[in-house]
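Asker: no sequence on this one, just coordinates:
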């Protein structure tokens, strides 16, 4: 019934209703705003220490529920990976694709891939990298599958992961809602790309600040429908920061997708309003083979 009602509401009006609904919940349940007002260009200006919110019960259960309530209706971020797989198969003739899913939770993306028509033409190998408490549920869910493997984020052996790639495989590196939580994201990307050597990189759920020309930092308070998970320091990205970084690393933008520009207003109040309006973007980058 809930899905039927949602289908009757225009998308723009639905997002407005969801925002009002969320404001009511945060007010009555005393949930902190999604971002703090303080913004700084220096990471060290934030002296607070935070526990790992990714192991909090509310976050772990949220990720588990995504596996349990799978509906085979991919959003734009899942579709970016599905679409490039289709392009690699149809235009480049790849019949084997290795997807390295960094920050892949319990394997939600793999569920979409394995339930798509692509399975008729493509042999997939999926390597999911996430925290131990999250991948436990993925290992249970896919216990009978031979084409998906899980790796703990802190101890992931890239050489083992690369075993599943060969000259016959096209490698796609998917990084979903990760790099905003890594202070030195440029070094992280450089190292990860050097180790995995993907043909294609999809960076999804990427919050792009449409009016900002430089990166900054803030504190994000992460809340799921199950409740508050915790707080952490995050990057606020200038509009061209990621594309410039990836170009310097030898990757060019092939596609980008989003629901609408400025679809995410994270700040009711903030020190610098150029970071107020964000677009949650799904990027697809392809390796510049001329380098």
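Answerer: Happy to help now that I have it. It should be emphasised that the depicted structure is a prediction, and the values quoted were computed from it without experimental measurement. Numbering: from 1, shown residues only.

Asker: poorly predicted segments of the stretch 51-200 of the chain, please.
Answerer: Scanning the stretch 51-200 of the chain for pLDDT under 70 picks out 156, 164-167.

Asker: would you list every one of the strands in it?
Answerer: 96-102, 123-130, 148-152, 170-176, 200-209 (DSSP state E, counting those that start in this stretch).

Asker: residue 129 versus residue 196, what's the distance?
Answerer: Counting by Cβ to Cβ, to the nearest Å, the gap from residue 196 to residue 129 is 10 Å. The C-beta positions use only the backbone N, C-alpha and C, and glycine is treated the same way.

Asker: reformat the strands of the stretch 51-200 of the chain as a markdown table; add mean neighbour count and distance to residue 82.
Answerer: Supplementary listing: those in a markdown table, determined by neighbours: other Cβ atoms under 10 Å; distance: least, Cβ to Cβ, whole Å:
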| stretch | mean neighbour count | distance to residue 82 |
| --- | --- | --- |
| strand 96-102 | 24 | 10 |
| strand 123-130 | 23 | 11 |
| strand 148-152 | 20 | 16 |
| strand 170-176 | 24 | 11 |
| strand 200-209 | 23 | 10 |
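
Asker: quick check: neighbours shared by residue 196 and residue 129?
Answerer: 100, 161 (Cβ atoms under 8 Å, 6 or more residues apart in numbering).

Asker: how about the strands of the stretch 51-200 of the chain in TSV, adding distance to residue 111?
Answerer: Listed next are the strands of the stretch 51-200 of the chain as TSV, based on distance: least, Cβ to Cβ, whole Å:
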stretch	distance to residue 111
strand 96-102	11
strand 123-130	10
strand 148-152	10
strand 170-176	14
strand 200-209	15
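
Asker: of all the ones you listed, which lies closest to residue 136?
Answerer: Proximity to residue 136, assessed across those by Cβ to Cβ, is greatest for strand 148-152 (8.5 Å).

Asker: in its sheet, what does the closest one sit against?
Answerer: strand 123-130 (parallel) (DSSP bridges).

Asker: distance between the strand it pairs with and the chain's centre?
Answerer: Strand 123-130 sits 15 Å away from the centroid of its parent chain (Cα atoms, centre = their mean, to the nearest Å).

Asker: for stretch 35-45, same thing?
Answerer: 22 Å.

Asker: list the buried residues of that stretch.
Answerer: For stretch 35-45, a neighbour-count test (16 or more other Cβ atoms under 10 Å) marks 35, 36, 39, 40 as buried.

Asker: same question for stretch 245-256.
Answerer: For stretch 245-256, using 16+ other Cβ under 10 Å, the buried residues are 245, 246, 249, 251, 254, 256.

Asker: return the subset of these lying in strands.
Answerer: Using DSSP state E, the members of those that fall within strands are 251, 254, 256.

Asker: so for stretch 39-48, mean pLDDT?
Answerer: Stretch 39-48 shows a mean pLDDT of 91.

Asker: okay, how far is it across that stretch, tip to tip?
Answerer: 14 Å (Cα to Cα, to the nearest Å).

Asker: which other residues reach that stretch?
Answerer: Against stretch 39-48 from outside (Cβ under 8 Å, 6+ apart): 38, 183, 214-219, 231, 233, 236, 270-272, 275.

Asker: farthest pair in those?
Answerer: Spanning the widest gap among the contacts of stretch 39-48 are 214 and 231, at 23.2 Å by Cβ to Cβ.

Asker: give me the more crowded residue out of those two.
Answerer: The residue with more neighbours, out of residue 214 and residue 231, is residue 231; 18 against 14, by other Cβ atoms under 10 Å.

Asker: still on that earlier bit, now the buried members of the contacts of stretch 39-48.
Answerer: Listed as buried from those are 215, 216, 217, 218, 219, 231, 233, 236, 270, 272, 275; burial here means 16+ other Cβ under 10 Å.

Asker: can you tell me how far the residue lying closest to residue 145 once chain neighbours are set aside sits from residue 175?
Answerer: What sits nearest to residue 145 in space, not counting adjacent residues and going by Cβ to Cβ, 6 or more residues apart in numbering, is residue 114, at 7.6 Å. According to Cβ to Cβ, residue 114 and residue 175 sit 20 Å apart.
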